[in-house]
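*Asks:* predicted model and sequence follow; I will ask about them next.
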Amino acid sequence: MKKKMQKEKRVYVIHADLIPEDASYKDLRDADFIDYAETEGTVYSLAGFENAINQDDFDHVNSYIRII
């Protein structure tokens, strides 16, 4: 029996300013959240995110994080 390969989790970070005023980050579908993060260039592997946050490589204030 073949084992199903599990896709590596990614960390997506979006800045609060990108979200329309009449919406909430909680209302964003995963696909939309991913699109915003890809546009900002803030998509990380788990190890990359750990490194970025520990080295203050991005502004996490007023940002939303989703692990998908």
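*Replies:* Okay, I see it.
*Asks:* ok, Thr42 - how many residues close by?
*Replies:* When counting by other C-beta atoms under 10 Å, one arrives at 21 neighbours for Thr42. In this view, the C-beta of every residue, glycine as well, is placed from N, C-alpha and C.
*Asks:* so which strand or helix has the nearest residue to it once chain neighbours are set aside?
*Replies:* Nearest non-adjacent residue to Thr42, counting by C-beta to C-beta, 6 or more residues apart in numbering: Val13, 4.0 Å away. Val13 belongs to strand 10-15 when assigned by DSSP states H and E.
*Asks:* what's across from the residue nearest to Thr42 in the sheet?
*Replies:* Judged by DSSP bridges, the bridge partners of Val13 are Ile65.
*Asks:* isn't it right up against Ile65?
*Replies:* Yes: between Val13 and Ile65 there is a contact under C-beta atoms under 8 Å: 5.3 Å.
*Asks:* ok, those two, which is more surrounded?
*Replies:* Regarding Val13 and Ile65, a neighbour count based on other C-beta under 10 Å identifies Val13 as having more, with 22 against 16.
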